[in-house]
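# need coordinates for the below:
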Amino acid sequence: MKKGGDGFDVDDEYGRFRRRQRIHRYHLIGYAVSAALILIGMLLFWR
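Numbering: from 1, shown residues only. Coordinates of the predicted model:
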């Protein structure tokens, strides 16, 4: 376990950052999927 110069745990901070990035990526994928479904639904509706 590495300690940074100011005393906080570098590995823990990095792990938290990676977890936040993964959650953020899943949110982006969810937004893209829901947007695509809404577009398909609108196209089907307007026929």
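# could you use CA atoms for every contact and neighbour count after this?
OK.
# can you pull the pLDDT of residue 29?
pLDDT recorded at residue 29 is 92.
# can you check the one 5 residues further on too?
Taken from the predicted model, the pLDDT recorded for residue 34 is 96.
# next one: residue 13
Per-residue pLDDT puts residue 13 at 82.
# now do residue 45
Residue 45 is assigned a pLDDT of 90 by the prediction.
# what's the neighbour count on it?
Residues near residue 45, counting by other CA atoms under 10 Å, number 8.
# any idea which element the spatially most central residue of the chain lies in?
Geometric centre of the chain, nearest residue: residue 24, 1.4 Å, by CA atoms, centre = their mean. Secondary structure assignment for residue 24, by DSSP states H and E: helix 10-45.
# and that helix, how far from the chain's centre?
Centroid separation between helix 10-45 and its chain, computed with CA atoms, centre = their mean, to the nearest Å, is 5 Å.
# ditto for stretch 39-47
Here stretch 39-47 is found 28 Å from its chain centre; the criterion is CA atoms, centre = their mean.
# quick revisit: so the residue nearest to the centre of the chain versus residue 43, what's the distance?
According to CA to CA, to the nearest Å, residue 24 stands 29 Å off from residue 43.
# one more: residue 14?
Counting by CA to CA - residue 14 and residue 43 are separated by 44 Å.
# same question for residue 10.
Taken as CA to CA, the span from residue 10 to residue 43 is 50 Å.
# ok, these two, which is more surrounded?
Shown here are residue 10 and residue 43; by other CA under 10 Å, residue 10 has more neighbours (14 against 10).
# check what pLDDT residue 17 gets.
Listed pLDDT for residue 17 reads 84.
# same question for residue 8.
At residue 8, the pLDDT value in this model is 62.
# repeat that for residue 41.
Taking residue 41 on its own, its pLDDT is 96.
# how near is it to residue 35?
From residue 41 across to residue 35, the span is 10 Å (CA to CA).
# same question for residue 12.
Taken as CA to CA, the span from residue 12 to residue 35 is 35 Å.
# re the thing from before, roughly how far apart are the residue nearest to the centre of the chain and residue 40?
Between residue 24 and residue 40 the computed distance is 25 Å (CA to CA).
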